[in-house]
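K.L.:
Sharing a sequence plus its predicted fold:
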Number of protein chains: 2
Amino acid sequence: MSWVETELREQPAALERFLASEGAKADELARELARADVRYLLIASRGSSGNAARYAQYVLGAVNRLPVAFATPSLYTLYDAPPRLDGALAIGISQSGASPDVVAVLAEARRQGRPTIAITNDPASPLAEAAEWTLALDAGEERAVAATKTYLNSIAAVALLSAVLDGSEERLDELRETPARVAEQIERSLGEAPRLDPYRDVEGGSVVARGMTYGTAFEIALKIRELSGAAFEPFS
Amino acid sequence: MSWVETELREQPAALERFLASEGAKADELARELARADVRYLLIASRGSSGNAARYAQYVLGAVNRLPVAFATPSLYTLYDAPPRLDGALAIGISQSGASPDVVAVLAEARRQGRPTIAITNDPASPLAEAAEWTLALDAGEERAVAATKTYLNSIAAVALLSAVLDGSEERLDELRETPARVAEQIERSLGEAPRLDPYRDVEGGSVVARGMTYGTAFEIALKIRELSGAAFEPFS
């Protein structure tokens, strides 16, 4: 079994662990997001974490009516001219928590007295140290080139913040059911994988989605590129 | 002479016309941008205008310390769940002023009582009607598939807002010198174009840039794709 398949099969347990361990903390974090002086979220991220940020932009925008902006790290690192961040709550998403660009944005936001949240798989990382609050992804170790557990838990972290901020018990219950749903879907997808064999030599293609699932289109295209080298692109 | 070349040669005059006709209005607009309740800019745009928005993100961030967020139009049109926009000043950039997505964002921002600015080549367009303020690009008609005059004037509009908001006479003087500089550069570039002949059959490539010029890397890649079909991509 490849590392990717092993880690896909670990997804439901990793998701359940994250929801169990960090669910309680989400209450505190939602109070930060609901502060009257928080006008928008500023998310710093790279790669797969950036696709989770794209999901945040839609779900927090549509459900919680919170605008989400993406940080431009080079303003913090290359030009040394960070924007003033009054009105912002800054969130850094990084599996390793070690990306200097993402850390720089959170450190600056905190220096300006803004609330800061790290979403990372390593609660001892520089990102977690830079932020006031941390949601630990608790996804375990990842060895595959294509990270799957941390991506799933990152979007779960976003969904958790959205549901708690919304004060919706129904959405929280749905979220608690996701590990079982994910387990079912993984079995179904692995069972159907052989039907994709005729497309084994495809050199490129598109992944089409819109709105809530647009970030996932980026992530699927990225995963295909990482694992096969085929030139897949996301489209809205 | 192709339409593209004709219109490239019209760029300096179009730029000069824009700066002369809209320069005075920039004072009023800068007062809106400097309002104490404006925490960030929300820019709605598509295609080439989106690349001008990317430039805005860097120049307004680095020089004016204003964070710039990009709107996600489907929150306004697909989900009918627009974010609350307190703290935002909304800018719509559209050559035609007819993009329903861009218009929807500006109309919602105005409904929420936020300041709104249209940057468009058609001051009688729906976008200009939706916005409280308009910067008219005054680039004249464009017939080439690849729009060049409106792109240049869009980034000039952004640079104008930044310089006026910064209160810098030096930067305004530099901006007034740009039509002459652009004319020189166009002559130089057209003179050197034959040296690119060996690359006539290239099927793809990358345009690499960072920070301030990152938006222009997107725009150059887009122009090459529009005019030649070659698969060029921008990279940071």
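P.N.:
Here it is on my side, so go on. Residues are numbered from 1 along each chain as shown, chains lettered A, B, ... in the order given.
K.L.:
quick one: the longest helix seen in chain A near chain B?
P.N.:
The residue-count maximum for a helix in chain A (DSSP state H) belongs to helix A:169-192. No. Residues of helix A:169-192 are not located near chain B by CB under 8 Å from any CB of the partner chain, the shortest gap being 14.7 Å. Heads up, the C-betas are built off the backbone N, CA and C, glycines and all.
K.L.:
Stretch A:65-73 too?
P.N.:
Yes. Stretch A:65-73 comes into contact with chain B (CB under 8 Å from any CB), by way of A:65-70, A:72.
K.L.:
neighbouring contacts of the longest helix of chain A?
P.N.:
Residues outside helix A:169-192 that contact it (CB atoms under 8 Å, 6 or more residues apart in numbering or on different chains): A:5, A:8-9, A:11-13, A:15-16, A:19, A:23, A:152, A:156, A:159-160, A:162-164.
K.L.:
switch the cut-off to 6 Å
P.N.:
A:8, A:11-12, A:15-16, A:159, A:163 (CB atoms under 6 Å, 6 or more residues apart in numbering or on different chains).
K.L.:
now do stretch A:41-53
P.N.:
With CB under 6 Å, 6+ apart as the criterion, stretch A:41-53 contacts A:66, A:68-71, A:88-94, A:99, A:102, A:105, A:147, A:151, A:154-155, A:215, A:218-219.
K.L.:
Would you mind checking these for buried ones?
P.N.:
A:66, A:68-71, A:88-94, A:99, A:102, A:105, A:147, A:151, A:154-155, A:215, A:218-219 (16 or more other CB atoms under 10 Å in any protein chain shown).
K.L.:
Mark which of these are part of strands, please.
P.N.:
A:68-70, A:88-94 (DSSP state E).
K.L.:
for the residues you listed, which one is nearest chain B?
P.N.:
Distance to chain B across these (CB to the nearest CB) is lowest for A:Ala69, with 3.3 Å.
K.L.:
I'd say that closest one and B:Ala69 touch.
P.N.:
Yes. Under the criterion of CB atoms under 6 Å, A:Ala69 makes contact with B:Ala69 at 3.3 Å.
K.L.:
and the gap between the residue lying farthest from the centre of chain A and chain B?
P.N.:
What lies farthest from the middle of chain A is A:Pro198; by CA atoms, centre = their mean that is 32.2 Å. The gap separating A:Pro198 from chain B is 25 Å, by CB to the nearest CB, to the nearest Å.
K.L.:
for A:Ser168, same thing?
P.N.:
Applying CB to the nearest CB, the value for A:Ser168 to chain B is 14 Å.
K.L.:
Contacts only, for that residue.
P.N.:
So A:Ser168 contacts nothing (CB under 6 Å, 6+ apart).
K.L.:
Roughly how far does it sit from A:Leu160?
P.N.:
11 Å (CB to CB, to the nearest Å).
K.L.:
repeat for A:Ala62
P.N.:
Using CB to CB, which is the criterion applied here, A:Ala62 is 16 Å from A:Leu160.
K.L.:
Could you pick out the residues of chain A near chain B for me?
P.N.:
By CB under 6 Å from any CB of the partner chain, the residues of chain A that approach chain B are A:39, A:57, A:61-62, A:65, A:67, A:69, A:72, A:74-75, A:78-79, A:81, A:83-84, A:86-87, A:211.
K.L.:
Report the buried members of these.
P.N.:
Looks like the residues of chain A next to chain B have A:39, A:57, A:61-62, A:67, A:69, A:72, A:74-75, A:83-84, A:87, A:211 buried, using 16+ other CB under 10 Å.
K.L.:
Turn those into TSV, columns for pLDDT.
P.N.:
TSV is the format used below for these (pLDDT from 0 to 100):
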residue	pLDDT
A:Arg39	96
A:Gln57	95
A:Gly61	94
A:Ala62	93
A:Pro67	96
A:Ala69	96
A:Thr72	89
A:Ser74	84
A:Leu75	88
A:Pro83	94
A:Arg84	94
A:Gly87	96
A:Gly211	85
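K.L.:
Between all of those, which two are separated the most?
P.N.:
A:Arg84 and A:Gly211 (30.8 Å; CB to CB).
K.L.:
Take the buried ones among the residues of chain A next to chain B and keep only those in helices.
P.N.:
A:57, A:61-62, A:74-75.
K.L.:
how about TSV for the residues of stretch A:65-73 next to chain B, with distance to A:Thr120 added?
P.N.:
Converted to TSV, the residues of stretch A:65-73 next to chain B look like this (distance: CB to CB, whole Å):
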residue	distance to A:Thr120
A:Arg65	27
A:Leu66	21
A:Pro67	23
A:Val68	18
A:Ala69	20
A:Phe70	17
A:Thr72	20
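K.L.:
how far does stretch A:88-104 sit from the chain's center?
P.N.:
11 Å (CA atoms, centre = their mean, to the nearest Å).
K.L.:
Start and end of it, how far apart?
P.N.:
Its start and end residues considered, stretch A:88-104 measures 15 Å (CA to CA, to the nearest Å).
K.L.:
Kindly report the same for stretch A:228-236.
P.N.:
By CA to CA, one end of stretch A:228-236 lies 23 Å from the other end.
K.L.:
ok, now stretch A:188-198?
P.N.:
End-to-end distance for stretch A:188-198: 19 Å, by CA to CA.
K.L.:
now the helices for chain A?
P.N.:
So, for chain A - with DSSP H - the helices run A:3-22, A:25-33, A:47-64, A:74-77, A:100-111, A:126-130, A:149-166, A:169-192, A:214-228.
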